[in-house]
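Enquirer: Whatever this is, show me its structure:
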Amino acid sequence: MDRLRTFRFASGGFTLVELMVVILIILVLAMLVTLGANRFLEKGRKVQAMAQFRDFQVGMSLFEGDYQKPPIPKEKRDYGWDIIYSDPNGDAKNGFLIGVLAGEDKDYPYQGRSFSTKDTNPRAEAYMTFPFAPDNKSGVGKDGNLYDPWGHEVLVAVNSLSAPGQDLLDSNGGNNDRLLSTFGFGEYTDTKPKEQSFVFWSYGKDGKKGKSAPNNQSVVPLVGSDDVISW
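Expert: Residues are numbered from 1 along each chain as shown. Take a look at the predicted model:
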């Protein structure tokens, strides 16, 4: 009887090898599910970033329609230089632009100086309502800058078009021409802005341009990267 019970127990259980195989299969399945979930989440963040860009585009277009000028400080506009907000290599944050479109009356730093949003939007019209993001993701953080779904500042380039009383140049150096310059930050081998009034972009999850750019001004392919652009 004892032998019979021992036989039945052994024949109905798992050997150590079988148990290890089952555990391995479960681990592989869990890894595949995790990878699939991560890809799904990343696609969702890219869609969220594009929706953020579309809302931004509406606000910018409304401002330019009302004022017939780009939302940049008068001093910069009169000189004729295109403007980068959130220069990854400097201190050109996008807070000033956000304040202008939100109709604020506030001073914001830009490239080592302070500019008043009221000078650019004197009627204090609100062209956008930005969500507050205390975690600095998909909204305006506590510092007043706008962040993408990955927690990086949204990159913006604005075309100053032609400065008053100056001739248009035929180069794309970012000075007094119709072509929009991003000074290399938004230029890829397979695409770059041309005569747009403004563009938005993000370097995606890794916060780096393209897949393997040595720096954010290197011209590298967009295809295959996690970057998101509006043009």
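
Enquirer: OK, contacts around the residue nearest to the spatial centre of the chain?
Expert: Taking C-alpha atoms, centre = their mean, the centroid of the chain lies closest to residue 202, which sits 2.7 Å from it. If you count contacts by C-beta atoms under 8 Å, 6 or more residues apart in numbering, residue 202 has them with 49, 148, 150, 152, 154-155, 227-229. Using the backbone N, CA and C atoms, a C-beta is placed for each residue, glycine as well.

Enquirer: From the rest of the structure, what touches stretch 41-49?
Expert: In contact with stretch 41-49 (C-beta under 8 Å, 6+ apart) are residues 138, 148-150, 202, 204-205, 226, 228.

Enquirer: Now do the contacts for residue 56.
Expert: Taking C-beta under 8 Å, 6+ apart, one finds 128, 154, 156, 200 in contact with residue 56.

Enquirer: Can you name the element that comes right after the helix or strand where it lies?
Expert: Assigned by DSSP states H and E, residue 56 belongs to helix 16-67. Once helix 16-67 ends, the next helix or strand along the chain (criterion: DSSP H and E) is helix 74-79.

Enquirer: just how off-centre is that following helix within its chain?
Expert: Distance of helix 74-79 from the chain centroid (C-alpha atoms, centre = their mean, to the nearest Å) equals 26 Å.

Enquirer: Which strands and helices lie in contact with it?
Expert: Using 3 or more C-beta pairs under 8 Å, 6 or more residues apart in numbering; DSSP states H and E as the contact test, no helix or strand touches helix 74-79.

Enquirer: give me that answer again for 10 Å
Expert: Secondary-structure packing of helix 74-79 (3 or more C-beta pairs under 10 Å, 6 or more residues apart in numbering; DSSP states H and E): strand 113-116, helix 117-120.

Enquirer: as a whole number, average confidence for the helix or strand following it?
Expert: Note on helix 74-79: by DSSP H and E, the next helix or strand toward the C-terminus is strand 83-85. Strand 83-85 carries an average pLDDT of 92.

Enquirer: distance between the helix holding residue 56 and the chain's centre?
Expert: Distance, centroid of helix 16-67 to centroid of chain: 15 Å (C-alpha atoms, centre = their mean).

Enquirer: For that helix, give the mean pLDDT please.
Expert: For helix 16-67, the per-residue pLDDT averages 86.

Enquirer: quick one on the thing from earlier: what is the residue nearest to the centre of the chain paired to in the beta sheet?
Expert: Using DSSP bridges, the bridge partners assigned to residue 202 are residue 228.

Enquirer: Numbering from 39 from now on, please.
Expert: Sure thing, new numbering starts at 39, so read that last one as residue 240.

Enquirer: how near is it to residue 121?
Expert: 18 Å (C-beta to C-beta, to the nearest Å).

Enquirer: just residue 194 next, same as before
Expert: From residue 194 to residue 121 the distance is 8 Å (C-beta to C-beta).

Enquirer: what do those two both touch?
Expert: Common neighbours of residue 194 and residue 121 are listed as 109, 130, 135, 236 (criterion: C-beta atoms under 10 Å, 6 or more residues apart in numbering).
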